[in-house]
Every structure is written in structure tokens, then in C-alpha cells.
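S.K.: here is a sequence with its predicted model. Questions after.
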Amino acid sequence: MSAACLVGLRPEPEPEPTAGDHPGMPRQIGEGIRFIMSGSPLRAMLAVAAMTFRGNFVPVRLLGRVTAASRLFVFGTVPLGAATAGLLASTLGIRATMWTLATLHGITPLPPLATSSRKLRDFPVSGTREAV
């Protein structure tokens, strides 16, 4: 911001529109739509459900180990994914990499559907948690 804008000699320039901005739509609504479409609320709900399930059904003596293993698999794979994406982008190009990863993201949930886990509907019976 220049000094002339601060004293009111000329109006502050309008910010450049971003790719998600639509004329006539308030900015907050556009940002809210982008947030919801990003899947962040769904990821938060799934994280809460997973932690609740783990806390209720994993024996107390194993809870720390199970939580640590879960965090290792969830957060430990992020650098591997970043390295893989970088390697693919440097060899295939960014557009081909984005399509490849989008396709993989879409087909990743399909293999478990071919197993008997798709028939599971109910959580284990409560009260199976062991005391310390």
C-alpha cells in the first residue's frame, strides 16, 4: 500500500480476482464453498469418529501403541507422497501428475470393497474394553 492510498489521495487498487471468485458472489460465501468442497469438514468428522472408536474399543494397555501406530501410518506417509508427487511431476509433467494422482485418489477406496469388510455394519459390542 502506498503513502498516497493512506492519506486518501487515490483509492486503494482492487485486489486481483482469484480463480474461485465469481462476480456477484460475496467473498465469504465463495470461501465457504471452497472449504466445504475441499473435504476438510468430512476429514475432521472422520478423525473424531476414528479417535472415538479407538478410545472405546482398544484395550487401555494397548491404546498408546495403537495411537502411535495410527499416527505413524497417517502422518508418516505424507513425506512419501510429497516425494512421489515431486518425482512424477519432474518426469511426467505437472498436468499428467495431477491426473495420475486424481485417478489414484479415486480408485484407492475400491479394493476394500472386494473384501468381506464391506458387509460389516456394526461396531463391536461395547464393554469389551479391559481395565488397567
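M.R.: That came in fine, so what should we check first?
S.K.: quick one: list the elements packing against the lengthiest helix in the chain.
M.R.: If you go by DSSP state H, the chain has its longest helix at helix 40-57. Counting contacts by 3 or more CB pairs under 8 Å, 6 or more residues apart in numbering; DSSP states H and E, helix 40-57 packs against helix 60-75. Just so you know, the C-beta spots here come from the backbone N, C-alpha and C atoms, and that holds for glycine as well.
S.K.: next helix or strand past the helix it packs on?
M.R.: Per DSSP states H and E, the first helix or strand lying C-terminal to helix 60-75 is helix 78-92.
S.K.: in terms of secondary structure, what does the strand or helix carrying His105 contact?
M.R.: Element membership for His105 (DSSP H and E) is helix 94-107. Under the contact criterion of 3+ CB pairs under 8 Å, 6+ apart, helix 94-107 touches helix 78-92.
S.K.: contacts for the helix it packs on, please.
M.R.: Contacts of helix 78-92 with the rest of the structure, by CB atoms under 8 Å, 6 or more residues apart in numbering, involve 96-97, 100-101.
S.K.: and those, which of them are buried?
M.R.: Among the contacts of helix 78-92, those classed as buried by 16 or more other CB atoms under 10 Å are Thr97.
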